[in-house]
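[1] Sequence below, structure please.
(one chain, ligands or ions: 1)
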Amino acid sequence: MRVMRHPHRVSAWSRLLHREGIRIGLVPTMGALHAGHRALIRAARLSCDAVAVSIFVNPVQFGPKEDWSRYPRPFARDVRLCRDEGVDLLFAPSVASMYPHDFQTEVHVPRLATRWEGSVRPGHLSGVATVVTKLLCAVQPAVAYFGQKDFQQAAVVRRLIEDLDFPSRIEVCPTVRESDGLALSSRNLYLSASQRATAPVLYRALFEGARLTRTGSAPRDVRRAMLRICRSARGVTVDYLTVCDPHTLEPLSRLSGRAVVLLGAIRLGSIRLIDNLLVRAPRRRT
Ligand code: PAF
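    Alright, predicted model coming up:
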């Protein structure tokens, strides 16, 4: 496995592979790799000839009061995981090589990026769009792999790939969960024992929301039920729980026969958890 630190070196590597007709799969990460990342790497391995993983704790997607400086960085462990999974290139740039002092460009996907996560974490999804654009430019992958857990992030990336005519496609892989339903996330490491015990309440609420949606309940009732479940757990604050169109992420007031996404974000103390479920509502009988 090769480890590269500068986007220019990665571009040169990618050009060489392209000349030989090798299809690259990219798994963008911020490190602290877990079974969810492993699943993305395995999906890339299955359908691409070479796999690149990026590890970069991207400062421009963190707010001034967020956890950029204390975000977990177990680099040696991550390198081992990538080696074990047969990754071809590990791209681990420094902040200075990604954002030299005169860097100015930002990528905004305004309609998709300003609601839900965007309203709670202003600027976050523009920071993601900016870094993903840079990663796609450097690696030029045939396919970029993202987890469904960050549903809105995947929607933003899909939009920018289409809008900017990137010769890549996005593949969104299912969320990997603990046995009690908690979605895997590098930030789960921050949970205390009692917060960890409470954390699956978000999945339970979404699961009940999905059941109600499948049996024809109105979005208003689905939202109410999800809220009730989350609010019944001690120490939980709800940022949002919503029933949306999976493409536009606009909240829905009627469902009938369509695919919907249930999006949720809660806080346990200072720790935020996000999750979602995709579900199809039944067609209404006329
Ligand atoms: O999902 C993440 O880990 C990050 O948001 C990403 C896509 C690697 C961009 O920094």
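
[2] Tell me which stretches of the stretch 1-150 of the chain form helices.
    Under the criterion DSSP state H, counting those that start in this stretch, the stretch 1-150 of the chain carries helices at the ranges 7-19, 35-47, 75-84, 95-98, 110-113, 117-120, 124-139.

[3] could you give the mean pLDDT of the first one?
    When you say that, I think you mean helix 7-19. Here helix 7-19 scores 98 as its mean pLDDT.

[4] got the buried residues for that helix?
    Judged by neighbour count using 16 or more other CB atoms under 10 Å, the buried positions of helix 7-19 are 7, 9-10, 13-14, 17. All C-beta spots, glycine's among them, are computed from the backbone N, C-alpha and C.

[5] And for the third one?
    Residues of helix 75-84 classed as buried: 78-79, 81-82 (neighbour count, 16+ other CB under 10 Å).

[6] what's the farthest-apart pair in those?
    With distances taken as CB to CB, the most widely separated pair in the buried residues of helix 75-84 is Val79 and Leu81, at 7.4 Å.

[7] returning to what we had before: as TSV, the buried residues of helix 7-19 with distance to Ser97 would be great.
    Shown next, in TSV, are the buried residues of helix 7-19 (distance: CB to CB, whole Å):
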residue	distance to Ser97
Pro7	6
Arg9	9
Val10	10
Trp13	15
Ser14	16
Leu17	21
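
[8] tell me, which of these make contact with the ligand?
    Of the residues in those, proximity to the ligand by CB under 6 Å from any ligand atom holds for none.

[9] which ones are touching Leu227?
    By CB atoms under 8 Å, 6 or more residues apart in numbering, Leu227 lies in contact with 205, 238, 241.

[10] And stretch 22-36, what's buried?
    In stretch 22-36, counting by 16+ other CB under 10 Å, buried: 24-33, 36.

[11] actually stretch 247-264, not the one I wrote
    Using 16+ other CB under 10 Å as the test for burial, stretch 247-264 gives 249, 251-252, 255, 260-264.

[12] any idea of the pLDDT on the residue positioned nearest the centre of the chain?
    Nearest to the mean C-alpha position of the chain, by CA atoms, centre = their mean, lies Asp150 at 3.0 Å. Asp150 is assigned 98 on the pLDDT scale.

[13] And it, how far from Arg80?
    Relative to Arg80, Asp150 is positioned 24 Å away (CB to CB, to the nearest Å).

[14] Partner strands of the host helix or strand of Ile170 and their direction?
    Taking DSSP states H and E as the criterion, Ile170 maps to strand 169-173. With DSSP bridges as the test, strand 169-173 is paired with strand 143-147 (parallel).

[15] Identify the residues contacting the strand it pairs with?
    For strand 143-147, the surrounding residues in contact (CB under 8 Å, 6+ apart) are 23, 25-28, 36-37, 39-41, 43-44, 47-48, 132, 135-136, 153-154, 157, 161, 168-173, 175-176.

[16] Same check on stretch 245-262?
    111-112, 115-116, 151-152, 155, 206, 209-210, 213, 216, 218-220, 222, 226, 241-244, 263, 276-284.

[17] Quick one: end-to-end distance for it.
    9 Å (CA to CA, to the nearest Å).

[18] C-alpha coordinates for the strand holding Ile170, PDB please?
    Provided in PDB are the C-alpha atoms of strand 169-173 (Å, rounded to 0.1, in the frame of the first residue of the first chain):
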ATOM      1  CA  ARG A 169     -20.500   8.200  -9.700                       C
ATOM      2  CA  ILE A 170     -21.500   7.900  -6.000                       C
ATOM      3  CA  GLU A 171     -22.400   4.700  -4.400                       C
ATOM      4  CA  VAL A 172     -24.200   4.900  -1.100                       C
ATOM      5  CA  CYS A 173     -23.700   1.800   1.100                       C
END
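
[19] Quick check: buried residues in that strand?
    170-173.

[20] angle of that strand against helix 124-139?
    Relative orientation of strand 169-173 versus helix 124-139 (axes from the mean of the first three to the mean of the last three CA atoms, to 10 degrees): 120 degrees.

[21] what distance separates strand 169-173 from the centre of its chain?
    Relative to the mean C-alpha coordinate of its chain, strand 169-173 is positioned 11 Å out (CA atoms, centre = their mean, to the nearest Å).
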